[in-house]
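A.B. asks: fold the stuff below for me.
(4 chains)
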There are 2 protein chains.
Amino acid sequence: MNGSNDGSGQMRRSEQLRDAIEERIATGAYPPGQRLDETELATEFGVSRTPIREALIQLNSAGLVVMRPRRGALVASIEPRRLCEMFELMAELEAMCGRLAARRLSPAEQERLLAAHGACEQARNAGDPDAYFRLNEQFHQSIYGASHNEFLAEQALQLHRRLRPYRRLQLRVRDRLKVSFSEHDAVVRAIVAGEGDRAAELLRSHVVVQGERFADLIASLSQLPSAPTEKTA
Amino acid sequence: MNGSNDGSGQMRRSEQLRDAIEERIATGAYPPGQRLDETELATEFGVSRTPIREALIQLNSAGLVVMRPRRGALVASIEPRRLCEMFELMAELEAMCGRLAARRLSPAEQERLLAAHGACEQARNAGDPDAYFRLNEQFHQSIYGASHNEFLAEQALQLHRRLRPYRRLQLRVRDRLKVSFSEHDAVVRAIVAGEGDRAAELLRSHVVVQGERFADLIASLSQLPSAPTEKTA
DNA sequence: CGAGTATAGCTTGTATACAAGAAATAACTA
DNA sequence: TAGTTATTTCTTGTATACAAGCTATACTCG
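C.D. replies: This next block holds a predicted model:
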């Protein structure tokens, strides 16, 4: 959430369009490098170019879209190196959230954390990666919230969402689901026990390992399946 | 830099306007709570409403401006609590940059760091807060760059710029300038010595203390001088 | 006289029109 | 035939026109 959605329910059309396009990017419907033609999108969504353009500008600010003057908008293609950097920061933000959460956790927040953790466990037992993926987000978000630093929580969530398409691939890796859950378990125990530094360290490695694994993944595949992979600069 | 300025020198008009308005916000020419009338700005800058609007949307995404549907744009007024949260995160980002810089510093980067530090020293000796303020930014940016994590550096810089108007007030505090410099000095030595954890800790407290001091400052003043202080939500 | 409501004016949000630059294609020359 | 240049076409960037909603003012009714 980058300050646009104020939670009051009312949204400009450009903001709805932004979310719609963001969703398509996250799901891979618009793969990295995809050209985003303003007129095309306008007719597709049944609006004029103006709100589409405003949506693209917002996505550009969020880093999901690259706009070069007079040369149109592309879905940002994140090269491996930058992706690792993003995971490296994500790991630090998660660690910070965990450390603060261990110090500041309220009973209600603890309950929410345990509930999210329990839900993940069920998805693991069912061997359902999609459900786990969704519940995993809940789990992490409950930690962000428990940090009692709303700004940090927003930033963490924003980066989390930005990494979402890449994170999703993770859970296809063999046994990753089980390992992920057991890592969660250790994190939960550390937070509940109030061991901030330990929670931070566990979360850091939990996230960073994803970045490393992902780097391995794309190193083996030379290219993503449907990505034209245009150079960003 | 939120992905808009690609460094190629070419910028849309809306991006120039964004920077111009951001500058006015940073310098306090447009104080928090200030209404930003699109038509007014358009005539003032000699353009139509369209690029102004696009600039405001970008500033909204960056969190410097609040836009409520059909109710116009305001300069975001950050309440003390949120400001502390932002400083808390800033401290962590700086710490992370420092830790990585200590590990990864190249000779060229070391030279740049020392040059920036030396320039700060001169400003301190001259007792020139404005010069120090400007050079201080150079100093911190040289650390961001030395982290060798470009994404982190961008995020740190973005937050740094967002806190700029508040940080500026800091240096008016008695002796803050001298204390700031001596803190810098310790940081530099830790980084050059390759002591990552120490650099991180020094930077964290260097930044966090600003947040705390600022909280004190605005706690004493019940209100900022020229700020209508509209509730953000 | 006060409160509530209607109306007028003004600002934002969206559509459309127009201008300018980039890419692609076609024509021309060596 | 290949390379270069001119032209055409298409897309973006900006201006303007129009519609819709909020605010404030004035008016009416209790």
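
A.B. asks: only C-alpha atoms from now on, for both contacts and neighbour counts.
C.D. replies: Fine.

A.B. asks: what about A:Val66? Give its phi and psi, please.
C.D. replies: The phi/psi pair for A:Val66 (degrees, to the nearest 10) reads phi -110, psi 130.

A.B. asks: so it touches A:Ala76, yeah?
C.D. replies: Yes: here A:Val66 reaches A:Ala76: they are 5.3 Å apart, a contact under C-alpha atoms under 8 Å.

A.B. asks: residue ranges with poor pLDDT in chain A?
C.D. replies: A:1-9, A:171, A:218-233 (pLDDT under 70).

A.B. asks: who are the contact partners of the residue lying closest to A:Met86 once chain neighbours are set aside?
C.D. replies: Excluding its sequence neighbours, the residue lying closest to A:Met86 (C-alpha to C-alpha, 6 or more residues apart in numbering or on different chains) is B:Phe151, at 6.3 Å. Contacts for B:Phe151 (C-alpha atoms under 8 Å, 6 or more residues apart in numbering or on different chains) come out as A:82, A:85-86.

A.B. asks: B:Leu202: which of the residues you listed is nearest?
C.D. replies: Nearest to B:Leu202 among the contacts of B:Phe151 is A:Glu85, at 23.1 Å by C-alpha to C-alpha.

A.B. asks: contacting residues for the closest one?
C.D. replies: B:149-152.

A.B. asks: scan those residues and report the most crowded one.
C.D. replies: B:Leu152 (24 neighbours; other C-alpha atoms under 10 Å in any protein chain shown).

A.B. asks: wait, doesn't that one sit right on B:Ala146?
C.D. replies: No: contact between B:Leu152 and B:Ala146 fails when scored by C-alpha under 8 Å: they sit 10.6 Å apart.

A.B. asks: can I get the contacts of B:Phe151 in CSV with secondary structure?
C.D. replies: Output for the contacts of B:Phe151, formatted as CSV (DSSP: H, G, I helix; E, B strand; the rest coil):
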residue, secondary structure
A:Arg82, helix
A:Glu85, helix
A:Met86, helix
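
A.B. asks: wait, which of these is closest to A:Ala20?
C.D. replies: Out of these, the member with the shortest distance to A:Ala20 (by C-alpha to C-alpha) is A:Met86, at 23.3 Å.

A.B. asks: common neighbours of B:Leu152 and B:Ala146, please.
C.D. replies: With C-alpha under 8 Å, 6+ apart as the test, B:Leu152 and B:Ala146 both reach B:Cys97.

A.B. asks: quick one, the helix or strand harbouring the residue nearest to A:Met86 and helix A:150-170 angle?
C.D. replies: Using DSSP states H and E, B:Phe151 maps to helix B:150-170. Following axes from the mean of the first three to the mean of the last three C-alpha atoms, to 10 degrees, one obtains 180 degrees for the angle between helix B:150-170 and helix A:150-170.

A.B. asks: show the subsequent helix or strand relative to helix B:150-170.
C.D. replies: Of the helices and strands lying after helix B:150-170 in sequence (DSSP H and E), the nearest is helix B:176-192.

A.B. asks: helices and strands around the following helix or strand past that following helix, which ones?
C.D. replies: Using DSSP H and E, the helix or strand that follows helix B:176-192 in sequence is helix B:196-220. Using 3 or more C-alpha pairs under 8 Å, 6 or more residues apart in numbering or on different chains; DSSP states H and E, the elements in contact with helix B:196-220 are helix B:80-104, helix B:150-170, helix B:176-192.

A.B. asks: chain center to the last one, what's the gap?
C.D. replies: Averaging C-alpha coordinates over helix B:176-192 and over its chain gives two centres that are 18 Å apart (C-alpha atoms, centre = their mean, to the nearest Å).

A.B. asks: ok, and what's touching that helix?
C.D. replies: Contacts for helix B:176-192 (C-alpha under 8 Å, 6+ apart): B:98-99, B:101-103, B:105, B:110, B:113-114, B:117, B:120-121, B:124, B:127, B:129, B:132, B:170-171, B:196, B:198-199, B:202-203, B:206.

A.B. asks: which of these are buried, as a PyMOL select command?
C.D. replies: Here is the PyMOL command that selects the buried residues among the contacts of helix B:176-192 (16 or more other C-alpha atoms under 10 Å in any protein chain shown):
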select buried, chain B and resi 98+99+101+102+103+105+110+113+114+117+120+121+124+129+132+170+171+196+198+199+202+203+206
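
A.B. asks: out of the helices and strands packed on helix B:196-220, which one sits most buried?
C.D. replies: helix B:80-104 (a mean of 23; mean count of other C-alpha atoms under 10 Å in any protein chain shown).

A.B. asks: and the helix or strand just after that helix with helix B:176-192, angle?
C.D. replies: Toward the C-terminus, helix B:80-104 is succeeded by helix B:107-126 as the next helix or strand (DSSP H and E). In terms of direction (the same axes, to 10 degrees), helix B:107-126 departs from helix B:176-192 by 160 degrees.

A.B. asks: I appreciate the help and will end here.
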